[in-house]
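In: Need a 3D model of the sequence below.
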Amino acid sequence: MVVCRSEYRPNGEASISSTGKPAVSRDGHVEISYDVPRRLNANEIPGVIGDFRIAARNAIQAGFDGVEVHAAHGYLINQFLMDSVNDRNDKYGWSLENRCRFALEIVAGCSALSLHRAPGSLRLRTQTCTLGVYMARAVNDLCMLYLHMVEPRMV
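Out: Sure, this is the predicted structure:
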């Protein structure tokens with residue numbers, strides 16, 4: 001889930017996410033609640049994908065050799081991938097294929113060389129093996145240079 005406080009965001013606006021559910025975590029004996037994220041509307045998603053495309057183009061124009069799309073560690077793309085967070089019932093949620101759609105549209109739009117994925121905690125409900133194999137096959141079809149996978153550190 002999105003873990004952010006609006007006071008750290010421009011104009012105090014809510015963070016965007018695949019969900020509108022708040023995250024609650026435990027820090028020792030103290031429960032910490034975070035601001036409720038704003039669920040992206042389906043008609044906003046092409047604009048966000050366009051923002052990734054612009055950022056990738058700017059990186060190449062600035063002299064970078066390539067772009068690695070970061071789809072791990074709870075950031076926006078990862079929120080769409082995780083069935084424990086993504087509670088959408090449109091073409092970007094519910095099924096494995098729909099949850100992966102956002103990431104794959106970004107990778108295709110950016111002409112990215114790689115995708116960074118981390119399965120996360122083994123306690124997550126997401127079927128990490130199924131998701132990993134599906135994404136590996138899908139990005140292979142996009143002729144990416146490599147898929148950057150990180151081993152989970154939490155048990």
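
In: Relative to the whole chain's centre, how far out is whichever helix or strand residue 107 is part of?
Out: Here residue 107, judged by DSSP states H and E, is contained in helix 96-110. Centre-to-centre, helix 96-110 and its host chain are 10 Å apart (CA atoms, centre = their mean, to the nearest Å).

In: Which elements pack onto that helix?
Out: Packing partners of helix 96-110 (3 or more CB pairs under 8 Å, 6 or more residues apart in numbering; DSSP states H and E): helix 45-61, strand 68-70, helix 76-81, helix 128-141. (Glycine included, C-beta is placed from N, CA and C.)

In: ok, and what's touching the next helix or strand after the last one?
Out: Elements were assigned by DSSP H and E; along the chain past helix 128-141, the next helix or strand is strand 146-149. Strand 146-149 is contacted from outside by 68, 113-119, 132, 135-136, 139-140, using CB atoms under 8 Å, 6 or more residues apart in numbering.

In: Among the residues you listed, which one lies nearest to residue 48?
Out: residue 115 (16.5 Å; CB to CB).

In: Would you mind writing the CA trace of stretch 100-108 as CSV?
Out: The C-alpha trace of stretch 100-108 is given here as CSV (Å, rounded to 0.1, in the frame of the first residue of the first chain):
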residue,chain,number,x,y,z
CYS,A,100,0.5,-6.5,-15.2
ARG,A,101,-1.0,-4.3,-17.9
PHE,A,102,0.1,-1.0,-16.3
ALA,A,103,3.7,-2.1,-16.0
LEU,A,104,3.8,-3.5,-19.5
GLU,A,105,2.3,-0.4,-21.1
ILE,A,106,4.9,1.7,-19.3
VAL,A,107,7.8,-0.5,-20.5
ALA,A,108,6.5,-0.5,-24.1
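
In: Contact partners for the nearest residue in space to residue 39 that is not next to it in sequence?
Out: Spatial nearest neighbour of residue 39, excluding adjacent residues (CB to CB, 6 or more residues apart in numbering): residue 20 at 3.9 Å. Neighbouring residues of residue 20 by CB under 8 Å, 6+ apart: 36, 37, 38, 39.

In: in this structure, which residue is closest to the centre?
Out: Closest to where the C-alpha atoms of the chain average out (CA atoms, centre = their mean) is residue 77, at 1.3 Å.
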